[in-house]
Each structure stands twice: as C-alpha cells, then as structure tokens.
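> could you look at this predicted model? Sequence included:
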Amino acid sequence: MRLPSEIDQVLKHECGARHCPMTQRVTSTLGFTADDLRTYLGTYWPRSFVESHTIMRSLLNNSVYRDTLQHRDQIRIMDIGAGTGGNLAGLLWALREAYLNTGRVVDVVSVDGNAGALAIQKQLIARLFGPQVQLRVVQTVFDSRAGLERLLPGQAGGNGGGFDVIISSKFVNEFYRTKTAYERNSGMYAALFGLAERRLLPEGVAVLVDVNDKCAGGFFSEVLNREMNEYTCASPEGLAPLLPLPCLLWHGCCASRNSCFSQAVFGVSHSMLPCYSGSDLCKVTVRVMARRPFAGLFRLGVSPQPRYTITWSPWGYDSCGGGVRRQYDKRRYTDGYLLESAV
Ligand SMILES: C[S@@+](CC[C@H](N)C(=O)[O-])C[C@H]1O[C@@H](n2cnc3c(N)ncnc32)[C@H](O)[C@@H]1O
C-alpha cells in the first residue's frame, strides 16, 4: 500500500519526518526525544498506519461487522501505547474510507507514557481528521504489567461506557525485552484481553499488533498465541478470536496452543524512503478478538477455506487447516489475515 499522499506530505513537510531505521533503539521508545520521534515518524509510523489500516479494512469486509458499526451514532476507540498515532490514524483512515466517520463523532482515548509523542499525535489527528475525531490523551508511565492492570481501567473512563475498538500496537514487546522483564511482566497480552472483556461493547473488537522478533518467551507471535490460549482457557465465556482466520474457525481444535509462529506481512511505500528502496515490509503478529456471541455472528460473514497461509519465509509458506499447522509449503493459500469480501 502507498501511504496516502496527503499524510505523506504532512509527515514530511509539517512534522520534519525522516527515514532512518534505528533497529535496536526502537525496542525501547518511552524515552524518545523530539529528534527520535521525527525519525520514528518517517520510518515506523507509516508501517503502523498500514498495519492497522489493512486490519480494519479487512474487518470491514465482513458484512456483519460493517453493518454493526454503521448503526452506531458514535464510535469509541481506546489506544494503549498509542505513541505518535500511526496505528490510530490507519484505523481512522479505514473508517473514513468506508464512510463510517460521516455524521458520527469518533471519540478516542489514547494512553502513552511519552508526552512528546502524544503531543505529535494530537497535532496529526487534528490535522488529518478535523473536529469529528475527539481525542483525549492520557500520559501515564506503566512500571510493569501489574501497574498497567492497576491504572488502565481508570484511564478507560470510570463511567463504564463501552468501546467499539480497543487497540494496542507494538507496545507490549517493550515490557518483554530482557529475561528479567519478561519474567516480571509476562501475561500483559492476556491482561489487555481481560481489560477488553470488561470494556468492549457487545460488538466491539480488541486489536493487538506487535513486532515479531524474539524475547525470552520465544517469538512474540508465539508468546501472544500462548497468552491468548491461557486467557481463553481462563475465560471461556469471554473473548474469542476473529483474526487470524484459522483462529476464528478452528480455535477450539487448535493443535498448536503452546507455540504457533504466525506473521502478517504488509508492504508500504512513501516518499521518505530512499529512492533505491521500492517499499518497506511490515512483519507483525496480529490477534483480533471479540465477545464470543459476536465472534459467532462474524463467522457467518466468512466463507471458510480449507487452509490459510499464516506466514512465509524463504523456505516456503506456513499454513493452517483444521487447526493443524503445516510448514514450508510451496503453495500460497488464502491469506489468513485478509477478508477479501463480504459474503
Ligand atoms: C513502538 S511505539 C508504538 C507506538 C504506536 N502504537 C505505533 O504502533 O506506532 C511504543 C509506545 O509505547 C510507549 N511505552 C513504552 N513503554 C511504556 C511504558 N512503560 N509506559 C507507557 N508507555 C510506554 C512508548 O512511549 C511508545 O509511544
């Protein structure tokens, strides 16, 4: 996907964004300075935009989900670890393309520990979406998973009103980076599912996206898969998966509950990339969850395929069919993250 040119221009000319990969430093962004944030805007922000835009557009291809949102006169979103707002902007852009922002207020609460990042987010969201998006930013530093579990419910608003979307993109990995940090904080994905279970509307969705390199618990996709399964075992009446599609269809008979490597791959191009590089690749792990009754309805809007591709590598495509993984296929099956069209 090409970053919409309006956004590209704003990032480049109004925010001073510049492209420069910062491989190691981008794993710990809480202390990012104004200069670091300009580099983030030109390097990682477009990826976050494309990831959440693609996921939301895919969900909106499901007629049950789209019809539900169409009947809401206000859309409420909570973004945890929201930073400069790349994933939020992607989500809002997908809603705008589906005309779902028309005539409705979109109410957002964004939580993050970096005040500079939140200030940029405020400026960008106002510039790109105008007054229709009402954004409340909350600056909080979480010292651990326990701190997040203690503070986040209050930041979600004490009035108990539900959210249409609770999203967290590339946030949890920063709490799992060392062995000690992993041992202290593991369970954070599950904690976010727990919060979503308490605060999502009946037809709301929880979207978790994260990077997919390794920590003490394995690849982040394996950790996320394990925590999702621990959460669903502990809360059998709570949330159930919508994406990846094999999880929607075969979660109940999954043969890889402890360790499933999966990775969504999206391409993004924009004018800040060096001219020799055509596009940037986003490689992320993704889970979208919803309340169990709504997941059942959502499933009615999907035509099941016998097998889906869930990741690829130079050795081939990994796929899932009937809850059973297969590695290194030569053949590419239906993409496990993309709902192409509504049934
Ligand atoms: C990699 S950025 C992701 C930003 C955005 N969600 C995206 O996808 O582009 C991670 C964000 O988590 C925030 N963060 C990291 N550790 C934090 C902590 N302990 N408390 C609060 N926020 C934290 C950082 O400030 C940063 O904005």
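Alright, I've got the coordinates.
> what ranges does the protein have for its helices?
Taking DSSP state H to define them, one finds helices in the chain at 5-9, 34-43, 45-60, 63-70, 86-97, 115-129, 145-155, 179-185, 188-199, 220-234, 245-250, 292-300.
> now do the buried residues in the fifth one.
Read it as helix 86-97. Using 16 or more other Cβ atoms under 10 Å as the test for burial, helix 86-97 gives G86, N87, L88, A89, G90, L91, L92, W93, A94, L95, R96. Yep, even glycine has a C-beta here, placed from its N, CA and C like the rest.
> pLDDT at G267, what is it?
We have a pLDDT of 92 for G267.
> ditto for W312
Note on W312: pLDDT of 87.
> thought M228 was touching V286?
No - the criterion here is Cβ atoms under 8 Å, and M228 misses it with V286 at 11.1 Å.
> which residues do those two both contact?
Common neighbours of M228 and V286 are not found (criterion: Cβ atoms under 8 Å, 6 or more residues apart in numbering).
> how many neighbours does A255 have?
12 (other Cβ atoms under 10 Å).
> not counting its neighbours along the chain, what's nearest it?
V324 (4.9 Å; Cβ to Cβ, 6 or more residues apart in numbering).
> still on that earlier bit, among the helices of the chain, which is nearest G162?
Proximity to G162 (Cβ to Cβ) singles out helix 188-199 among these, at 6.1 Å.
> could you report the neighbour count for S313?
Per other Cβ under 10 Å, the neighbour tally for S313 reads 11.
> with adjacent residues omitted, what lies nearest to it?
Y328 (7.6 Å).
> filter the buried residues of helix 86-97 down to the ones near the ligand?
G86, N87 (Cβ under 6 Å from any ligand atom).
> show me which residues of the stretch 151-300 of the chain sit near the ligand.
So the stretch 151-300 of the chain meets the ligand at S169, K170, F171, E174 (Cβ under 6 Å from any ligand atom).
> mind listing the strands for the stretch 201-343 of the chain?
Using DSSP state E, counting those that start in this stretch, the strands of the stretch 201-343 of the chain run over 214-215, 218-219, 239-243, 264-268, 280-291, 308-313, 316-321, 324-329, 334-335.
> most packed of the ones you listed?
strand 239-243 (a mean of 24; mean count of other Cβ atoms under 10 Å).
> quick one: residues in contact with that one.
The contact list for strand 239-243 (Cβ under 8 Å, 6+ apart) reads 55, 58-59, 193, 196-197, 200, 205-206, 228, 231-232, 247-248, 251, 286-292, 295, 298, 336-337.
> same check, this time on stretch 148-156
78, 80, 109, 111, 138, 140, 142, 163, 188, 191, 194-195, 198-199.
> neighbour-wise, which of those leads?
Within the contacts of stretch 148-156, M78 tops the neighbour count with 29 neighbours, counted by other Cβ under 10 Å.
> bridge partners for that one, pull those for me.
Taking DSSP bridges as the rule, M78 bridges to V109, I166.
> quick check: which ranges of the stretch 51-200 of the chain have low pLDDT?
Residues of the stretch 51-200 of the chain that meet the criterion pLDDT under 70 lie in 101, 158-160.
> okay, now the nearest residue to L300 once chain neighbours are set aside: neighbour count?
Take L300 and drop its neighbours on the chain: the residue closest to it by Cβ to Cβ, 6+ apart is V64, 6.2 Å away. Counted by other Cβ under 10 Å, the residues lying close to V64 total 18.
> for E14, same thing?
Neighbours around E14, by other Cβ under 10 Å: 11.
> how near is the closest residue to it other than its chain neighbours to the ligand?
Leaving aside its sequence neighbours, E14 sits nearest to R127 (Cβ to Cβ, 6+ apart; 7.2 Å). Going from R127 to the ligand by Cβ to the nearest ligand atom, to the nearest Å gives 17 Å.
> residue contacts, the residue most central in space within the chain?
Geometric centre of the chain, nearest residue: V209, 3.4 Å, by Cα atoms, centre = their mean. For V209, the contact set (Cβ under 8 Å, 6+ apart) comprises S48, E51, S52, I55, N87, I167, S168, S169, K170, V284, T285, V286.
> about what we covered before: could I get the strands of the stretch 201-343 of the chain as JSON lines with distance to A255?
As requested, the strands of the stretch 201-343 of the chain are exported to JSON lines (distance: least, Cβ to Cβ, whole Å):
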{"stretch": "strand 214-215", "distance to A255": "23"}
{"stretch": "strand 218-219", "distance to A255": "17"}
{"stretch": "strand 239-243", "distance to A255": "15"}
{"stretch": "strand 264-268", "distance to A255": "21"}
{"stretch": "strand 280-291", "distance to A255": "18"}
{"stretch": "strand 308-313", "distance to A255": "13"}
{"stretch": "strand 316-321", "distance to A255": "9"}
{"stretch": "strand 324-329", "distance to A255": "5"}
{"stretch": "strand 334-335", "distance to A255": "19"}
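> cheers, nothing more for now.
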